[in-house]
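Enquirer: Provide a 3D model corresponding to the input given below.
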Amino acid sequence: MSLGINLEHPRVGQLSPSQLLYTYGIGAIVDLPQLAVLVMGLDEWTVDPSVVREISEPRLLRLVRTQLGGEVQRLLSLPTSREDEIASPFDPQSKIGVPVSIFPRWLVCPSCRTLARRDSGLFELKVDAFRPDRTHFEHINCNKPGKKPTAVPARFMVVCENGHLDEFPWIEYVHYFETPCASPLLTLFEYGPSGEARDLQVKCLNCGKERVMAQAFGKDNREKMPQCTSRRPHLRDYEESCDHHMRAIILGASNLWFPVVFSTIAIPAATDELDLLVEREWATLQHATSFDILNAFHLTGQLGAFSKFSVQAIWSAVERKRAQEANEAITPAPELLDLKLPEWEMFSNPNPRLTSPDFRLRVLRAPVRYQKAISQVVLVERMREVKALVGFTRIDAPDELTEPGQERAQVIVPLSRASARWTPAVEVRGEGIFIQFDEAQMQTWLSRAAVKQYERTFWNAHTAWREAHGVSPPETNYPGLRYVFLHSFAHMLMRQLAIECGYSQASVRERIYSRESQADGGPMAGVLIYTAAPDSEGTLGGLVNQGEPETLEQHIARALEDALLCSSDPTCAEHAPGHNLALHGAACHSCLFAPETSCERGNRYLDRALLSKTIRRESLALFE
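Expert: Here you go, the predicted structure:
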């Protein structure tokens, strides 16, 4: 399935649903072959029931409301269309997609180097209905001989830490932020082969003033830039004020947009077959507010999955489900907003009756060699994960885990001007391996003198990082060395499994279950390594097969062997938490770091010295 992106009326490109959640979501810039476009806010999206559907996941919806407000009523899938269903560019199906706007609006002619706004009258949009990727702007009055050149986006913009984004102030910049000349005429020339800002110069042909782009970058130069304009172009508005200076950034920079995504594993809450069906089809059945409406659903063939049950029985199950949701609405929020506790309870104490087409578990014994440390292995043969986009940040990635009660230094930019009544979501199906560690062994390891001392080192690094990022109080939300161990183990095993089962490393993900407290559900110590795909069938069992006891034992042994030595040693092994405000110990891209899509904590809180002996630390490893 792909997404057609709509630019006013012409279609100019396509993206997958996952890309619109993790790479090019609302507020992000999509760099197309000839254009650069900005994905607009939810205010401009068209919610057509024929191309979007409601995704039912009450636990996730409750958490989304803590971020976006109680007005959020639904999680909706992204508007999708199939290429093979589009008969022609003029087919209504070709207009299905996500609204975008051209950004940045300053364009450069590659021939004469003229730099001007899109609406200056110098450029004309050429739409190719049959080849959307060829839609482009032409410089219609270029003074160079030959074919009219295709203008390209000016690759400089300004942002700030509050999530604001605006055009680069070209006219003001070239005139050194003094009063500009009456009729500025700008050019942008490149004088060197490097492509760096020091080789780029903007010049005003009218008054002769010129300036190199390097003077817009760097900490000292930023203080000379104007105050941020507080612009939010994806919402077509401005905030009241911003106390930051503009920060120059290049189009395509990796720190221009970071998504804030909440996700959960769908856990069946009922054991009865009928109740399970109602839970699965709740997105439709919740609209049956009376028996007559439900009966109408039955008569129109919308209850095909319930063919073996009477309408009265279905209505009774619907009323039970509605009563359950009403009770949960008045239950204290902390109990309902903990997404991982129900998952942990399900995986650590599997119930064979809680099985559905989207959820199936199989319990195995722990690998013989590691039975002292690992108490249980559960194969998640079928699972469904639901992910919802609730906002985004710029400059810096979200600091903390996407869970309630954890502060973030960054400002989360909203997806709409008005209070959102829905938010985009994606559901994926897949498989995984859940590994539960023995709590007694974990407590014994944590009580070691060397481990306690190292815990203090990590805690100091945690508080220093939060102080530097303005998160108060800095002492809170420290995940503990238990989490560091589990996180490091998950990364080492993910790398090993990706090699063996054929999935790319970016497609294998982690979910860490770590808790010290005996209260609030008790302590947790486990990891879920999983992979998922957005189609209806999910994945094909390649990962689950690696969880058989003998096979998993080999994988763990090889992963621990790899943890002994890194190709970047001794530099990697000697790295200490807190050095340069880093929140990791012996970890780097050569050994433990994982792709953004795989890690739930941004490659923080990692240290392979907790898994195996390293050339720098020999007394911290849990595994003997």
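
Enquirer: you'd agree residue 426 is up against residue 78?
Expert: Yes: look at residue 426 against residue 78 with CB atoms under 8 Å: they come within range, at 6.8 Å. For every residue, glycine as well, the C-beta is placed using N, CA and C.

Enquirer: between those two, what contacts are shared?
Expert: 17, 21 (CB atoms under 8 Å, 6 or more residues apart in numbering).

Enquirer: give me the number of residues near residue 502?
Expert: The number of residues packed near residue 502 is 11, by other CB atoms under 10 Å.

Enquirer: apologies, that question was intended for residue 137.
Expert: The tally of other residues near residue 137 (other CB under 10 Å) stands at 21.

Enquirer: regarding it, what is its secondary structure?
Expert: Three-state call for residue 137 (DSSP: H, G, I helix; E, B strand; the rest coil): strand.

Enquirer: which other helices and strands does the helix or strand hosting residue 462 contact?
Expert: If you go by DSSP states H and E, residue 462 is part of helix 449-468. If contacts are counted by 3 or more CB pairs under 8 Å, 6 or more residues apart in numbering; DSSP states H and E, helix 449-468 sits against helix 439-446, helix 480-501.

Enquirer: out of those helices, flag the one nearest residue 563.
Expert: Among the helices and strands packed on helix 449-468, helix 480-501 comes nearest to residue 563, with 5.6 Å by CB to CB.

Enquirer: who does residue 513 bridge with?
Expert: Going by DSSP bridges, residue 513 is paired in beta bridges with residue 526.

Enquirer: picking that back up, figure out which of the helices and strands packed on helix 449-468 is closest to residue 301.
Expert: Shortest distance between residue 301 and the helices and strands packed on helix 449-468, using CB to CB, is found for helix 480-501: 40.9 Å.

Enquirer: dump that closest one to PDB, keeping only the CA atoms.
Expert: Presented in PDB, the C-alpha positions along helix 480-501 are these (Å, rounded to 0.1, in the frame of the first residue of the first chain):
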ATOM      1  CA  GLY A 480      18.400   1.900  36.900                       C
ATOM      2  CA  LEU A 481      21.200  -0.500  36.000                       C
ATOM      3  CA  ARG A 482      18.600  -3.200  35.600                       C
ATOM      4  CA  TYR A 483      17.300  -1.400  32.600                       C
ATOM      5  CA  VAL A 484      20.800  -0.800  31.200                       C
ATOM      6  CA  PHE A 485      21.500  -4.500  31.400                       C
ATOM      7  CA  LEU A 486      18.200  -5.500  29.700                       C
ATOM      8  CA  HIS A 487      18.600  -2.800  27.100                       C
ATOM      9  CA  SER A 488      22.200  -3.900  26.300                       C
ATOM     10  CA  PHE A 489      21.200  -7.500  26.100                       C
ATOM     11  CA  ALA A 490      18.300  -6.700  23.700                       C
ATOM     12  CA  HIS A 491      20.700  -4.800  21.400                       C
ATOM     13  CA  MET A 492      23.200  -7.600  21.300                       C
ATOM     14  CA  LEU A 493      20.600 -10.200  20.600                       C
ATOM     15  CA  MET A 494      18.900  -8.100  18.000                       C
ATOM     16  CA  ARG A 495      22.100  -7.800  16.000                       C
ATOM     17  CA  GLN A 496      22.700 -11.500  16.200                       C
ATOM     18  CA  LEU A 497      19.100 -12.400  15.200                       C
ATOM     19  CA  ALA A 498      19.100 -10.000  12.300                       C
ATOM     20  CA  ILE A 499      22.100 -11.800  10.900                       C
ATOM     21  CA  GLU A 500      20.600 -15.300  11.300                       C
ATOM     22  CA  CYS A 501      16.900 -14.800  10.400                       C
END
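
Enquirer: would you mark the buried spots in that helix?
Expert: Neighbour counts using 16 or more other CB atoms under 10 Å place 480-498, 501 of helix 480-501 among the buried residues.

Enquirer: low-confidence ranges, the stretch 301-450 of the chain, go.
Expert: Low-confidence segments of the stretch 301-450 of the chain (pLDDT under 70): 324-337, 399-409.

Enquirer: ranges for the helices of it?
Expert: Counting by DSSP state H, counting those that start in this stretch, residue ranges of the helices within the stretch 301-450 of the chain are 311-329, 333-337, 340-348, 439-446, 449-468.

Enquirer: cool, thanks, signing off.
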